[in-house]
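In: Compute the structure for the input listed below.
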Amino acid sequence: MSQFAAALAGALTAVMVGGTAVARHWPSPSGRRRAGRSAPAEELLRPVEALDQFEAYCPAEDRPTLQLRLRLGGTVCIGCHNPTATTTGDAQ
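Out: Numbers count the residues shown, from 1 in each chain. Okay, the predicted model is just below:
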């Protein structure tokens, strides 16, 4: 690469970096970048609290534990993560 091309590439890079720095600070930030919350934090549920929970017998732990009902059927023990399939009673 010739010296002229190297000098031109360096000058172009410097101009682009300077332009980026100016563009990031213009217009000056107002301090508020996100919209306000629509619901107070007290009304929102944690992800675990939003799940359908019930207490049932866990065969892996051999005691009643807290279970989660799955959307596609079945349950999962919260303690050991043992899945338990549920039957609908149609199987013969």
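
In: The chain: helices as residue ranges?
Out: Applying DSSP state H to the chain gives helices spanning 3-24.

In: Do I have it right that Asn82 meets Tyr57?
Out: No: if you go by Cβ atoms under 8 Å, Asn82 and Tyr57 don't touch, sitting 11.2 Å apart. No exception for glycine: its C-beta is placed from N, CA and C like everyone else's.

In: Looking at the two, which is more packed in?
Out: Asn82 (15 against 12; other Cβ atoms under 10 Å).

In: in this protein, which spans are strands?
Out: Per DSSP state E, the chain carries strands over the ranges 53-58, 63-69, 75-77, 83-84.

In: Does Glu61 touch Ile78 like I think?
Out: No: counting by Cβ under 8 Å, Glu61 stays clear of Ile78, with 10.4 Å between them.

In: ok, those two, which is more surrounded?
Out: Comparing Glu61 with Ile78 by neighbour count (other Cβ under 10 Å), the higher total belongs to Ile78, at 15 against 12.

In: what's the neighbour count on the closest residue to that one other than its chain neighbours?
Out: Distances taken as Cβ to Cβ, 6 or more residues apart in numbering place Leu66 nearest to Ile78, at 4.7 Å, with adjacent residues excluded. Leu66: 13 surrounding residues under other Cβ under 10 Å.

In: From Gly19, how far off is Leu66?
Out: Distance of Leu66 to Gly19, computed by Cβ to Cβ, to the nearest Å: 58 Å.

In: Parallel or antiparallel, list what pairs with the lowest-mean-pLDDT helix or strand in the chain.
Out: Lowest by mean pLDDT, DSSP states H and E among the helices and strands of the chain is strand 83-84, with a mean of 83. Strand 83-84 sits in its sheet next to strand 75-77 (antiparallel), going by DSSP bridges.

In: Pull the residues that contact the partner strand.
Out: Residues outside strand 75-77 that contact it (Cβ atoms under 8 Å, 6 or more residues apart in numbering): 56, 58, 60-61, 65-70, 82-84, 86.

In: could you flag which of these are buried?
Out: Neighbour-count burial (16 or more other Cβ atoms under 10 Å) applied to these gives Cys58, Thr65, Gln67, Leu68.

In: Can you add distance to Arg24 and pLDDT and give those residues back as a markdown table?
Out: Formatted as a markdown table, the buried ones among the contacts of strand 75-77 follow (distance: Cβ to Cβ, whole Å; pLDDT from 0 to 100):
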| residue | distance to Arg24 | pLDDT |
| --- | --- | --- |
| Cys58 | 55 | 88 |
| Thr65 | 53 | 90 |
| Gln67 | 51 | 89 |
| Leu68 | 46 | 87 |
